[in-house]
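> need coordinates for the following:
(chains A and B)
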2 protein chains.
Amino acid sequence: MTLVCTGTIGIDTVQTPDSGERADILGGSCTYFSAAASFYGPVRIVAAVGDDFPPEHVETIRHFKGIDIAGLETRAGSKTFRWGGRYHDNMDHRDTLFTELGVLEEAPPTVPEAYRDSGVVFLANSHPSIQAGMLEQLPNRKLAVADTMDLWIEIARAELDGLLGKVDGLVLNYDEAEQFTGKKNTVAAGRHMLDHGPRFVVIKKGEHGAILVHRDGIAALPAYPAEQVVDPTGAGDSFAGGMMGAIARELSVDASLDPGSFDTIRRAMAHGTVVASFNIEAFSLERLATLTVDELDARFREYGAMMHLG
Amino acid sequence: MTLVCTGTIGIDTVQTPDSGERADILGGSCTYFSAAASFYGPVRIVAAVGDDFPPEHVETIRHFKGIDIAGLETRAGSKTFRWGGRYHDNMDHRDTLFTELGVLEEAPPTVPEAYRDSGVVFLANSHPSIQAGMLEQLPNRKLAVADTMDLWIEIARAELDGLLGKVDGLVLNYDEAEQFTGKKNTVAAGRHMLDHGPRFVVIKKGEHGAILVHRDGIAALPAYPAEQVVDPTGAGDSFAGGMMGAIARELSVDASLDPGSFDTIRRAMAHGTVVASFNIEAFSLERLATLTVDELDARFREYGAMMHLG
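Reported below is the predicted structural model:
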């Protein structure tokens, strides 16, 4: 079952308290997602950039052999999405320094005809109406998961509620789950969101791991205990990429699998946790670009052993 | 190997945002610790109360059959330690409303002669000089673990540094680890504390679980995902009680066990996590008083299954 991701490909400027600053580096939700997912199998991307998008960033994306860039539109006369952010001391909070929407203010990219058979769909953070429009172009999906953020909870709540009736799962941050539901207890917030339609909610807590609230059960997983965090940008997107990539891989082995079952999502979250733990070891995609499958497998085993009770 | 705990037995007043307020309920670090530990085997307590200590609170402690109260001193003319606190909305932070030290301002209790053979020692939070004095009275220990808090890091740093050279392990809260070391990364903070002598540090993160930083490895464990938290008071002490109780139980089965090994501590932390998850379901010891071994075992299996990757 082929995985497809819709989202942004952007140019980031990142300031960190301990690791310095980097300007004009490759970023974007779809970028981090697809690079992480590519370790588990093929991944298609639907995104747009302007003609200012540097060729070396295209090369970086091409470096990940599993990424299919047929759905990447380069628009003449348009500007690539740019984002600048500064991390606070604890690396878990950040301020946005600037946002230049560029192509994000134009019509969303079109899902290529060749992508319409995609079975596993991830809608990276975007306006919920755009996410819903993407979903309509992917009629053969067996599993659809959407990410969202505080902005849409605030300004597009009705559209977001509508989207929740159309997806199998929602991914969002800890504080956003509270913002969405008014509930401070994470499990209670998750259950509340299930009432809007999805079968499961994955609540990301950064350095504190993630919680799965599913109609069939609850699970908490810790983050891999990282000693040094260089740049947390893309942690959530690479987590989602590992998670969705692992699900697509399982489906490709066993087409009869229920891809949204409690245990499938739970185990997939562990893969997302581990690949994200590599992503934060360097700026942009620098660590994922050098990551080997052996390193990934070794840390996954270490992560499993760390929690194994028997 | 018998477990002994030194610490406080007190009378608490607790205000919560959602569950109301309770006055003059049984509390104290040694109380929560020993009640939790008693599910795993016998536990001796060394603590003092005044003659104002209510008989019904003594009955509650006696209800836990594994607790040996030979080391509980009731002092004529003295006042029991009292604490009042108010929890904030997220239940992970609290303000102290009042503290009446009472017996804690007097000489510390003496370790009974019959307790001197105790093999597993937990020094609940207290002035590090008092903790060191207790340790001297327990010459046959195979494992000693101390808890501490922000106050001693601030006003008794030299004594605390000295204590760290005498114990095998230290337990403290997430924010206190940063306060102690100036390091915001939890693993880095833990490693820094190992330089002061202990073999391992357990960093408690409340609803986000706990991290073990041990000379032989690092592990992170999530909290059991609780949907309703009535009163978090004693969560850390009951966690420590379950952890130390589980270690003592393992030692009683296999006297050749290294009680401070990475894997022993890691698995013991899982027991602490699960017993603490019951403690917070009610005020004071109300939930632990009704808890059955079957309930405890069932949740431990559920917790292990939640994290099992295979």
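> tell me who's in contact with the residue in the stretch 1-150 of chain A that chain B sits nearest to.
Across the stretch 1-150 of chain A, the shortest distance to chain B (C-beta to the nearest C-beta) belongs to A:Asn90, at 4.9 Å. (Glycine included, C-beta is placed from N, CA and C.) A:Asn90 makes contact with B:Lys184 under the criterion C-beta atoms under 8 Å, 6 or more residues apart in numbering or on different chains.
> recalculate using a threshold of 10 Å.
By C-beta atoms under 10 Å, 6 or more residues apart in numbering or on different chains, the residues touching A:Asn90 are A:Pro17, A:Gly206, A:Glu207, A:Val229, B:Glu178, B:Lys184, B:Asn185.
> ok, now A:Gln131?
A:6-7, A:108, A:121, A:123-125, A:144, A:146-148, A:152, A:159-160, A:163, A:166-167.
> find the nearest non-adjacent residue to the residue nearest the centre of chain A, please.
Of all residues in chain A, the one closest to the mean position by C-alpha atoms, centre = their mean is A:Asp237, 2.7 Å from it. What sits nearest to A:Asp237 in space, not counting adjacent residues and going by C-beta to C-beta, 6 or more residues apart in numbering or on different chains, is A:Tyr32, at 3.7 Å.
> thinking the one you found is in contact with A:Glu286, fair?
No: A:Tyr32 lies out of contact with A:Glu286 (C-beta atoms under 10 Å); the separation is 11.9 Å.
> who has more neighbours, those two?
Shown here are A:Tyr32 and A:Glu286; by other C-beta atoms under 10 Å in any protein chain shown, A:Tyr32 has more neighbours (31 against 17).
> quick one: the more buried one from A:Gly102, how far?
Per C-beta to C-beta, to the nearest Å, A:Tyr32 is found 18 Å from A:Gly102.
> quick check: which ranges of the stretch 151-300 of chain A have low pLDDT?
Within the stretch 151-300 of chain A, no stretch has pLDDT under 70.
> same thing but at 90, please
The stretch 151-300 of chain A contains residues with pLDDT under 90 at A:228.
> how about the residues of it by chain B?
A:174, A:178, A:184-188, A:190-191, A:203, A:205-213, A:217-229, A:263, A:266-267, A:270-271, A:274, A:300 (C-beta under 10 Å from any C-beta of the partner chain).
> next step: those restricted to strands.
Assigned to strands by DSSP state E, the following of those qualify: A:Ile203, A:Ala210, A:Ile211, A:Leu212, A:Val213, A:Gly217, A:Ile218, A:Ala219, A:Ala220, A:Leu221.
> separation between the fourth one and A:Leu164?
It stands for A:Leu212. Look at A:Leu212 and A:Leu164: by C-beta to C-beta, they are 16 Å apart.
> of those two, who's got more company?
Neighbours were counted for A:Leu212 and for A:Leu164 using other C-beta under 10 Å; A:Leu212 has more, 24 against 21.
> burial of the closest residue to the more buried one other than its chain neighbours, as a residue count?
Nearest non-adjacent residue to A:Leu212, counting by C-beta to C-beta, 6+ apart: A:Ala219, 4.5 Å away. For A:Ala219, the neighbour count with other C-beta under 10 Å is 24.
> the helices in chain A, which residues?
Under the criterion DSSP state H, helices of chain A are mapped to A:29-37, A:55-63, A:128-136, A:150-155, A:157-164, A:174-181, A:186-194, A:235-253, A:262-279, A:286-290, A:293-307.
> re the thing from before, in ChimeraX, select just the buried ones from the residues of the stretch 151-300 of chain A next to chain B.
Selecting the buried subset of those in ChimeraX, with 16 or more other C-beta atoms under 10 Å in any protein chain shown as the burial test, is done by:
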select /A:174,178,184,185,186,187,188,190,191,203,205,206,207,208,209,210,211,212,213,217,218,219,220,221,222,223,224,225,226,229,266,267,270,271,274,300
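> picking that back up, identify the contacts common to A:Tyr32 and A:Glu286.
Both A:Tyr32 and A:Glu286 are in contact with A:Leu26, A:Asn279, where contact means C-beta under 10 Å, 6+ apart.
> quick check: the nearest residue to A:Phe262 once chain neighbours are set aside vs chain B, distance?
Excluding the flanking residues, the one nearest A:Phe262 by C-beta to C-beta, 6+ apart is A:Asp216, at 4.0 Å. Distance from A:Asp216 to chain B, counting by C-beta to the nearest C-beta, to the nearest Å: 12 Å.
> let me see the contact set for A:Asp216.
Per C-beta under 10 Å, 6+ apart, neighbours of A:Asp216: A:Arg199, A:Phe200, A:Gly260, A:Ser261, A:Phe262, A:Asp263, A:Ile265, A:Arg266.
> which of those count as buried?
In the contacts of A:Asp216, the ones that pass as buried (16+ other C-beta under 10 Å) are A:Arg199, A:Phe200, A:Gly260, A:Ser261, A:Phe262, A:Ile265, A:Arg266.
> including distance to B:Leu251, could the residues you listed go into a markdown table?
Formatted as a markdown table, these follow (distance: C-beta to C-beta, whole Å):
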| residue | distance to B:Leu251 |
| --- | --- |
| A:Arg199 | 45 |
| A:Phe200 | 41 |
| A:Gly260 | 45 |
| A:Ser261 | 41 |
| A:Phe262 | 37 |
| A:Ile265 | 39 |
| A:Arg266 | 34 |
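> closest one to chain B out of those residues, please.
Among those, and counting by C-beta to the nearest C-beta, the member closest to chain B is A:Arg266, at 7.4 Å.
> the closest one contacts B:Pro225, doesn't it?
No: A:Arg266 is beyond contact range of B:Pro225, at 11.9 Å (criterion: C-beta under 10 Å).
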